[in-house]
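Trainee: Sharing a model prediction with you, sequence too.
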2 protein chains.
Amino acid sequence: MMYSNPTHSNGYHQQPQQDQHPTDRRPEMSHGQRARRGRRPGSRSRDSSRDGHDGAGSLRVSDQKNLQQQQQQQQRPPCTEFDMAYFHSYAHVGIHEEMIKDQVRTETYRQAIMQHQSSIEGKVVVDVGCGTGILSIFCAQAGAKRVYAVDASEIALQANEVVKANNLSDTVIVLHGRVEDVEIDEEVDVIISEWMGYMLLYESMLGSVIIARDRWLKPGGLILPSHATLYIAPVTHPDRYSESIDFWRNVYGIDMSAMMPLAKQCAFEEPCVETIVGENILTWPHVVKHVDCYTVTIGELESVHTKYNFKSMMRAPLHGFAFWFDVEFAGPAMSPTHSHAQPSLTETPVDGNQRKKRVNPNEALVLSTAPEDPPTHWQQTLIYFYEPIDVEQDQLIEGSVTLSQSKENARFMNIHLEYASGGRSFVKESVMR
Amino acid sequence: MMYSNPTHSNGYHQQPQQDQHPTDRRPEMSHGQRARRGRRPGSRSRDSSRDGHDGAGSLRVSDQKNLQQQQQQQQRPPCTEFDMAYFHSYAHVGIHEEMIKDQVRTETYRQAIMQHQSSIEGKVVVDVGCGTGILSIFCAQAGAKRVYAVDASEIALQANEVVKANNLSDTVIVLHGRVEDVEIDEEVDVIISEWMGYMLLYESMLGSVIIARDRWLKPGGLILPSHATLYIAPVTHPDRYSESIDFWRNVYGIDMSAMMPLAKQCAFEEPCVETIVGENILTWPHVVKHVDCYTVTIGELESVHTKYNFKSMMRAPLHGFAFWFDVEFAGPAMSPTHSHAQPSLTETPVDGNQRKKRVNPNEALVLSTAPEDPPTHWQQTLIYFYEPIDVEQDQLIEGSVTLSQSKENARFMNIHLEYASGGRSFVKESVMR
């Protein structure tokens, strides 16, 4: 038997590796192998008292904050219990360790900061959701005059310790609070933020960047990243289906296919975060949403709807759809390098690795989470069907996708997927919680 | 940014594999790589209504059950909310898929059933915590006259479907309820159960086997497994410590060692379930608890205390202690093959692989989760210190360990560890939740 408490555990559960696990043929596909990320209630608050921190008061939050907060409370979005749980999930070190160790992510941000050094040197920067403060310190290293490092999670207390230990307290000012609530008494030249969630929009953290932009960014200021694009593509993945579903047909010689209906539901009811490869993709992706961080509004993100029209490049069972995203680090005067208005069927394929690191310094750096690019901690997000659909080469797959914030919790995402092929049409609803 | 809702998510999060992850040097050590097992609230109940099951009423629970329950309620342990959450965690298919795919576990049980076929053929068996019913079907295949497959989780409904689909309904009788509550109107010859949790005793499921034994087992009946032993040994694991703690000394050139106190707390406050190897162990293990399933009492399991006395076989940093267990499948007349009363310092080393599969059919089969044996889904359970202790070859490491059921939730386990070496002594308290 095996059991982990669903709500309270914060023990470390290492995954057995394939080479240590000769008896388990494909451990990477096992259902038990799920990441627990941002699941560490309580740890930080205990540490906070142990280390003698005295909370946000030790940080440079303006003394007038409480008064101003009261005055402005009615204009600001309320901080819900879901928001509190969200901020608290970032108090644990493990989530930051994993993000920092994602070298595609962290190195691309560092390169982007260096590429835009001329816009950062001697300027004022705000880092929205600073975490441990690493991007703020990169900006300080790039010569920023002042960096406001803002985070509502208690990890901000740690960022402050890191800044002090690096003698950067004169440059990096850590503010422990929401961007809606903290006070910065000057305009800023640059906003930097690593706000992207699974499927780009999960977490709804882009809203905080928009608030920071509208509160503090100078006209003509720089936002890094500047643009973001969410893609969808049809997927074939026979191994994954077989591993979770067909497995039950013959279990140590026993026909346990009576398990299959429940196995399908358990495996495929909700979105799956997993790594696929280019070979799983049936055709070029369709752009679900292109975001210009200079102009995007909060209202625009509440619901995103698009119609797609794929033509399968091969005969294969269609198992579902994959979502992934990329972000670009363009200056305000630089237009994004791809035209995202093209319909997907005519979109020109571009090699992902070539896109990621450009030689021409005038071209925007791209951080890609596409299946054909090096894996990141975001992996890809998959919506699987309960039953695969056999498609022929050149067969059309048409439909639409609607992503909307959950009414239950604005940080959850409802995914409404309609798809039709070969004369049959389907609807799949799922929630990313 | 990355975020998974701590209480509600049941999406599938696949771990990136090392070979797919060229930028991440040791992904197997990442903090984000934790298993989520038994964390699927809600799925089964929705499926239950969809599939037209009408719950336990469709199973062969005696009609008199409710009446009898009322009559006997005061004699039986109450079913707490924690118990309900525990049972519900086994309703999701993924946890059963992972256990069944642990071939060391499932094949050893199958071999044990075959080895004891003469005690099973034509006899009455009860399978405590039957899950999907696979062990019950193995017993039916071994010729059992009747198998009562008992599980309080809704997975029992699935077991019933599997049994029906295999035309075994005349032999395997699925009872959806606790062993305390279901009625079996005859004595049984054999009890089989896969009850072992992490560190053997986590989950406290052995109590259900004891209840089944005391309610139904004939004198001289067979219990599989018959004996269980929990071990402790001192561990050195420099890579693990370095990966989680020393990592912060140089993060992309930045000294983030201010993160280290919190990193230690987050990484090592609670027990870690992970796979180590024989080379991590500093000396022969000490027996924390030996359980004879024929005679063990529930009171005996409420608190387990032992003193240990290790002599390190090498000079190394001591990072903590590892726990693992093995179980034996001996008949009631067979005595366990090791004398577990020996003090650890004089215990004779036995090669784990040789122990696991015996050639002599009179010797008991052993299912081992030791670091030197093939990995299982139980892995090992590690208690790490916040600071390593340097020990010399032959240096003594003395202390005691007390495992007790949490007052908060009897399925949680408090671990009180005292250790002394080189004139310094320490205490570490942790809770396996």
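Mentor: Looks like it arrived, so ask away.
Trainee: Now stretch A:391-401: buried residues?
Mentor: Buried residues in stretch A:391-401, defined by neighbour count with 16 or more other Cβ atoms under 10 Å in any protein chain shown: A:391, A:395, A:397, A:399, A:401. Glycine gets a C-beta too; all of them are placed from N, C-alpha and C.
Trainee: ok, residue A:122 - how many residues close by?
Mentor: 11 (other Cβ atoms under 10 Å in any protein chain shown).
Trainee: Now the phi/psi pair for it, please.
Mentor: For residue A:122, the backbone dihedrals (degrees, to the nearest 10) come out as phi 70, psi 10.
Trainee: coming back round to it: identify those among the buried residues of stretch A:391-401 that sit within strands.
Mentor: Judged by DSSP state E, these include A:391, A:397, A:399, A:401 as members of strands.
Trainee: which one is the last one nearest to, not counting chain neighbours?
Mentor: Among residues not flanking residue A:401 along the chain, residue A:417 sits closest, at 5.3 Å (Cβ to Cβ, 6 or more residues apart in numbering or on different chains).
Trainee: what residues are up against the one you found?
Mentor: For residue A:417, the contact set (Cβ atoms under 8 Å, 6 or more residues apart in numbering or on different chains) comprises A:321, A:383, A:399, A:400, A:401, A:427, A:428, A:429, A:430.
Trainee: One more pass at 6 Å, please.
Mentor: A:383, A:401, A:428 (Cβ atoms under 6 Å, 6 or more residues apart in numbering or on different chains).
Trainee: tell me the SS of the last one?
Mentor: Of the three states, residue A:428 takes strand according to DSSP: H, G, I helix; E, B strand; the rest coil.
Trainee: host element of the nearest residue to it once chain neighbours are set aside?
Mentor: Closest residue to residue A:428 apart from its sequence neighbours, by Cβ to Cβ, 6+ apart: residue A:417 at 4.6 Å. Element membership for residue A:417, per DSSP states H and E: strand A:413-421.
Trainee: Which neighbours in the sheet does that strand have, and how are they oriented?
Mentor: Applying DSSP bridges, strand A:413-421 is found paired with strand A:396-405 (antiparallel), strand A:424-432 (antiparallel).
Trainee: just how off-centre is the first one within its chain?
Mentor: To tie it back to what came earlier, the one meant is strand A:396-405. Relative to its chain's centre, strand A:396-405 lies at 20 Å (Cα atoms, centre = their mean, to the nearest Å).
Trainee: Name the residues that touch it?
Mentor: Residues outside strand A:396-405 that contact it (Cβ under 6 Å, 6+ apart): A:234, A:302-307, A:309-311, A:413-421.
Trainee: Could you tell me which of the residues you listed count as buried?
Mentor: Applying 16+ other Cβ under 10 Å to those flags A:234, A:304, A:306, A:310, A:311, A:413, A:414, A:415, A:417, A:419, A:421 as buried.
Trainee: What's opposite the spatially most central residue of chain A in the beta bridge?
Mentor: Central residue of chain A (Cα atoms, centre = their mean): residue A:197, 1.8 Å from the mean position. Beta-bridge pairing for residue A:197 (DSSP bridges): residue A:200.
Trainee: In this structure it contacts residue A:204, no?
Mentor: No - using Cβ atoms under 6 Å, residue A:197 is not in contact with residue A:204, being 7.7 Å away.
Trainee: Distance check, residue A:214 against residue B:315.
Mentor: Per Cβ to Cβ, to the nearest Å, residue A:214 is found 61 Å from residue B:315.
Trainee: hmm, I was thinking of residue A:389
Mentor: Distance of residue A:389 to residue B:315, computed by Cβ to Cβ: 63 Å.
Trainee: With neighbour numbers in mind, choose between these two.
Mentor: residue A:389 (19 against 13).
Trainee: For that one, give me its contacts.
Mentor: Shown in contact with residue A:389 (Cβ under 6 Å, 6+ apart): A:318, A:421.
Trainee: what's the pLDDT at it?
Mentor: For residue A:389, the pLDDT comes out at 97.
Trainee: same thing with residue A:105?
Mentor: 98.
Trainee: give me the element it is part of.
Mentor: Per DSSP H and E: residue A:105 is located in helix A:103-115.
Trainee: Now residue A:225: closest residue in space, sequence neighbours ignored.
Mentor: Closest residue in space to residue A:225, ignoring its immediate chain neighbours: residue A:327 at 3.8 Å, by Cβ to Cβ, 6+ apart.
Trainee: gap between that neighbour and chain B?
Mentor: Noted for residue A:327: a distance of 12 Å to chain B, by Cβ to the nearest Cβ, to the nearest Å.
Trainee: count of neighbours near that residue?
Mentor: 26.
Trainee: what does residue A:330 give?
Mentor: Residues lying near residue A:330 (other Cβ under 10 Å) number 27.
Trainee: Once you drop chain neighbours, what's closest to it?
Mentor: Distance criterion Cβ to Cβ, 6+ apart; nearest residue to residue A:330, sequence neighbours excluded, is residue A:364 at 3.7 Å.
Trainee: what's the spacing between that neighbour and residue B:393?
Mentor: Plainly put, residue A:364 is 59 Å away from residue B:393 if you go by Cβ to Cβ.
Trainee: same check, this time on residue A:239
Mentor: Distance, residue A:239 to residue B:393, by Cβ to Cβ: 49 Å.
Trainee: and what of residue A:327?
Mentor: The value you get for residue A:327 to residue B:393, if Cβ to Cβ is used, is 54 Å.
Trainee: same question, residue A:163
Mentor: 44 Å.
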